[in-house]
Structure formats: structure tokens, C-alpha cells
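Chemist: Quick one, what's the 3D model for this:
(chains A and B)
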Amino acid sequence: GAVVSQHPSRVICKSGTSVKIECRSLDFQATTMFWYRQFPKQSLMLMATSNEGSKATYEQGVEKDKFLINHASLTLSTLTVTSAHPEDSSFYICSARDPGRGRGFSQPQHFGDGTRLSIL
Amino acid sequence: AQKITQTQPGMFVQEKEAVTLDCTYDTSDQSYGLFWYKQPSSGEMIFLIYQGSYDEQNATEGRYSLNFQKARKSANLVISASQLGDSAMYFCAMREDTGGFKTIFGAGTRLFVKA
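Modeler: Below you'll find the predicted structure:
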């Protein structure tokens, strides 16, 4: 079964709306979560690394004020797309590192099922 | 420079035949991990196989095997006995020792399995 739950799976909203996406680890404590963005027929682009209890680390070119990330607990990270516009429409995927399994690079990275965001 | 290169945007394979999906990578780290993921049209990312840079044996997981050629920096995925359900996007990915557990993905290869 799914070990990372991402909600909602699909959002359609008007331009200017802020949208919150949740990513929960279900049976492990995720000290680190990742947020990716995927355009149609393209690869996953890492947006930011979310660390529990500290500020997220954003990749170059990602607007911190546009994509707010909060990792308030060991099982929940949220991505808020503020004042969303049509160009923010995309597929957003979170993933969580499971430190309790595997060693080093082989530690599993569990993905959520993604959120398809459409801004009208 | 691209860290992960997948040169095949699309591939066709006949059902029950084997297919190789190419992946080359670029890193100066001695320690790194290589992954393959499958993404069906529904969007979820499915982990297939992992190869560590110090692993001497090529990784295998059921019908999936990874042809790891370290000197050539290639990590090709071999799918044996293709099934219609294998039709999907396939991504090669890497984690580097200096990367802080970040996973970098290639552009992907779309595989079409023909009946």
C-alpha cells in the first residue's frame, strides 16, 4: 500500500487563488521530503528540499515566495502555491526519505501519487 | 552539463521480447546511487531497481536488470519478456555523495509495448 499520501490529486481553480498541497508519510517519520514539478512529457524537476523543523532549501530559479513549503512535523510537508497563475499549472509530486530502511544511497524514496494543478 | 542523459525519447518493443533503455550519467563523486523508475500514465512513480557505485554485481529485480558499466558511466535498464503493462515512461536517476540525498532525474524514455 501507499506509504506516502499526497492530497489533493487534482485541483482546478481560478487565477489568483492560493493552493495548498499536502504530503504525508504514513508509516515512517520523514525528516526530509522533496517537492518536484513535472511539465507534460518532461522529467521531474526538483523544486525544493523540505527539512522538518527548518527552512526549506530551494533549487536555483524556484521562487520562494511563490512556492511556500512548510514541514511542521515528521509526517507532514505542505506546498502552497500562492496567487497561482496559469503558468503554475503543472503536475507536482512529493517524495519522502525513509531513514529507517536501507543504507546510504539505497534508502528508499517513496513518492506520492502527485497533484495535477490546473489554473484557469 | 546534463547529469543524467537518456537519449531515447521513445522506444517500441514487441510483447515478450527484451528491451534496453539507455542511461548515461556524469559525476565526479566516487560514491553514488543509480535508480530506475517507471511512471505510468496515471502519474505515480514506481521504483524498479537500484545500483550502488561500489556494487560489483549488476542489480536484478525480477524481469528488470541493470547493465552497469562504471568506466563508461552507463546504467542501462534491461526489461526481459516485455508485457503490455510495461508501456510507460521510464526515468533514470542518480544520487551523489555530495548531493545531500537529492535525486536527479533524466528526461525519460517512453516505452511502447506492441501486442
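Chemist: count of residues packed around the one residue in chain B that gets nearest to chain A?
Modeler: Going by Cβ to the nearest Cβ, chain A is nearest to B:Gly33 of chain B, at 2.9 Å. All C-beta spots, glycine's among them, are computed from the backbone N, C-alpha and C. B:Gly33 is flanked by 23 other residues according to other Cβ atoms under 10 Å in any protein chain shown.
Chemist: For residue 44, list the residues it contacts.
Modeler: Reading this off chain A. A:Tyr36, A:Arg37, A:Gln38, A:Ile93, B:Met45, B:Phe91, B:Phe105 (Cβ atoms under 8 Å, 6 or more residues apart in numbering or on different chains).
Chemist: if you could check chain B rather than the one you did, that'd help
Modeler: A:Phe111, A:Asp113, A:Gly114.
Chemist: Tell me the bridge partners for B:Ser65.
Modeler: B:Thr60, B:Val78 (DSSP bridges).
Chemist: Mind listing residues that contact the lowest-mean-pLDDT helix or strand in chain A?
Modeler: Here the helix or strand of chain A ranked lowest by mean pLDDT, DSSP states H and E is strand A:109-111, holding a mean of 89. Outside strand A:109-111, the residues within contact range by Cβ under 8 Å, 6+ apart are A:3-4, A:25, A:34, A:93-98, B:44-45, B:47, B:103.
Chemist: Sheet-wise, list the partners of it with their directions.
Modeler: As assigned by DSSP bridges, strand A:109-111 forms pairs with strand A:90-97 (antiparallel).
Chemist: Dump the strand it pairs with to CSV, restricted to CA.
Modeler: Extracted in CSV, the C-alpha atoms of strand A:90-97 (Å, rounded to 0.1, in the frame of the first residue of the first chain):
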residue,chain,number,x,y,z
SER,A,90,1.7,21.5,-13.7
PHE,A,91,2.0,18.1,-12.0
TYR,A,92,3.5,18.4,-8.6
ILE,A,93,5.0,15.3,-6.8
CYS,A,94,6.3,14.9,-3.3
SER,A,95,8.6,12.3,-2.1
ALA,A,96,9.8,11.3,1.4
ARG,A,97,13.0,9.7,2.5
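Chemist: Quick check: which ranges of chain A have low pLDDT?
Modeler: A:1-2, A:101-103 (pLDDT under 70).
Chemist: ok, now with 80
Modeler: For chain A, the stretches with pLDDT under 80 are A:1-2, A:98-108.
Chemist: mind listing the strands for it?
Modeler: For chain A, the strands defined by DSSP state E occupy A:4-7, A:10-13, A:19-25, A:32-38, A:44-51, A:57-58, A:67-73, A:76-81, A:90-97, A:109-111, A:115-119.
Chemist: count of residues packed around the residue of chain A at minimum distance from chain B?
Modeler: Residue nearest to chain B within chain A: A:Phe105 (2.9 Å; Cβ to the nearest Cβ). A:Phe105: 22 surrounding residues under other Cβ under 10 Å.
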